[in-house]
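> Build the 3D model from these lines:
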Amino acid sequence: MMDTRVKPAYDAFRCDARRPLFFALSKTLGVALLPTNFSIALGLVGFVLLATRRAALGRKLMAAAIVLLALCAFSPLGSLLLYPLETRFPPWDASRGTPNGIVVLGGPLDADLSAAHGRPVVHSAADRMFAAAELARRYPNARIVFTGGSPNLVSNDAKEADYAATLLEALGIDRQRMILERQSRNTLENAVFTKALVAPKPGERWLLVTSAYHMPRSVGLFRKAGFPVEAYPVDWRIGDQPFAFTPVALDGLSRTDTAIREWMGLFAYRLWGRTGELLPGPAKD
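As a prediction, this is how the structure comes out:
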């Protein structure tokens, strides 16, 4: 059942003809263009061409795919692309005062796996949940909001927020303090639907908890939605040496894919007019 406070924002989104197209492209073309997927597809095309008169082109494509995979897997490319994202916002300054609320972005839990096993299944970015529990204990009067539904192209009844509530409760947060937004499928909808749900008042201070590399895009979308938030970055993927080579291929590929996906999102949302600048940063006092 959709919360009545979210329904007007949801209906307004449905009236925007660009939104379904944007979402579908992000889940198809956006995924296909990730370096790992693109390299594999390039290699497969080259392999197929080996059996045709274009065999020479096929060999070149296979060689290009191998070089691209190696570059993404072992070079500092992924770290260099993540570095400006992860360092864009400094750690939150607790001395500035007590927050009125804390917004935790979805992403840590796999809703489908959680539904299959009947319990929360965390697959990445667990720091977001730990930070929520820590902040909830530190600020007992702050409202705790978790926003996240199903990120699937074809949505189903498995919603991340439902399982996040169970996990947050296990981490010591009273369920009565939680506000759950379970309709959003991406960061833009996180921002719009959460604002509709909590109706932040002027002068209130809200923290936004998400991965450090994801913070610029998230803050930009929340600002554009009219919901000023303060960044509380967690879940860093690199340290202070972005030029270091990666000895483990999967780590390098993961960092490069993550960085490319984030930069594509920043460019796409800026072109769509959903953020006010390409790389949002800290608010100017």
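> Against A55, how distant is W263?
35 Å (CB to CB, to the nearest Å). (C-beta placed from N, C-alpha, C; glycine too.)
> These two: which has the busier surroundings?
Using other CB atoms under 10 Å as the criterion, W263 and A55 rank with W263 on top: 19 against 12.
> Would you tell me what helix or strand the nearest residue to the more buried one once chain neighbours are set aside is located in?
Nearest non-adjacent residue to W263, counting by CB to CB, 6 or more residues apart in numbering: L81, 6.5 Å away. Element membership of L81 [criterion: DSSP states H and E] is helix 77-86.
> And the helix or strand following that helix, what does it pack against?
The helix or strand immediately downstream of helix 77-86 is strand 101-105, counting by DSSP H and E. Counting contacts by 3 or more CB pairs under 8 Å, 6 or more residues apart in numbering; DSSP states H and E, strand 101-105 packs against helix 127-138, strand 143-147, helix 187-198, strand 206-211.
> now these as a markdown table including distance to A259 and mean pLDDT?
Below are those laid out as a markdown table (distance: least, CB to CB, whole Å; pLDDT from 0 to 100):
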| stretch | distance to A259 | mean pLDDT |
| --- | --- | --- |
| helix 127-138 | 18 | 97 |
| strand 143-147 | 23 | 97 |
| helix 187-198 | 16 | 95 |
| strand 206-211 | 12 | 98 |
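> Of all the ones you listed, which one comes closest to K159?
strand 143-147 (10.5 Å; CB to CB).
> Could you check how far the closest one is from the centre of its chain?
Remark: strand 143-147 is offset 16 Å from the chain centroid, using CA atoms, centre = their mean, to the nearest Å.
> Each with direction, which strands does that strand pair with?
strand 101-105 (parallel), strand 178-181 (parallel) (DSSP bridges).
> Need the winner for burial among those.
strand 101-105 (a mean of 26; mean count of other CB atoms under 10 Å).
> That strand: what's the following helix or strand?
Downstream of strand 101-105 (by DSSP H and E), the next one is helix 111-117.
> Just the CA trace of that following helix, in CSV.
Taking Å, rounded to 0.1, in the frame of the first residue of the first chain, the C-alpha atoms of helix 111-117 are listed here in CSV:
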residue,chain,number,x,y,z
ALA,A,111,15.2,-7.3,-1.9
ASP,A,112,14.8,-10.4,-4.1
LEU,A,113,17.3,-12.5,-2.2
SER,A,114,15.8,-11.3,1.1
ALA,A,115,12.3,-12.4,-0.1
ALA,A,116,13.7,-15.7,-1.2
HIS,A,117,15.3,-16.5,2.1
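> For it, which helices and strands make contact with it?
Right, helix 111-117 is packed against helix 160-170 by 3+ CB pairs under 8 Å, 6+ apart.
> Pull out the buried positions in the helix it packs on.
Neighbour-count burial for helix 160-170 flags 160-165, 167-168 (criterion: 16 or more other CB atoms under 10 Å).
> which helices and strands does it pack with?
helix 111-117, helix 127-138, strand 143-147, strand 178-181.
> In a markdown table, list those along with distance to D251.
Shown next, in a markdown table, are these (distance: least, CB to CB, whole Å):
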| stretch | distance to D251 |
| --- | --- |
| helix 111-117 | 22 |
| helix 127-138 | 17 |
| strand 143-147 | 28 |
| strand 178-181 | 32 |
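> Nearest spatial neighbour of the spatially most central residue of the chain, chain-adjacent residues omitted?
Geometric centre of the chain, nearest residue: H214, 5.5 Å, by CA atoms, centre = their mean. Nearest residue to H214, sequence neighbours excluded (CB to CB, 6+ apart): E262, at 6.5 Å.
> Tell me which residues touch that neighbour, please.
Residues near E262 by CB atoms under 8 Å, 6 or more residues apart in numbering: 82, 85, 213-214, 217.
> what's the closest of those residues to V145?
The closest of the contacts of E262, once distances to V145 are taken by CB to CB, is H214, at 16.5 Å.
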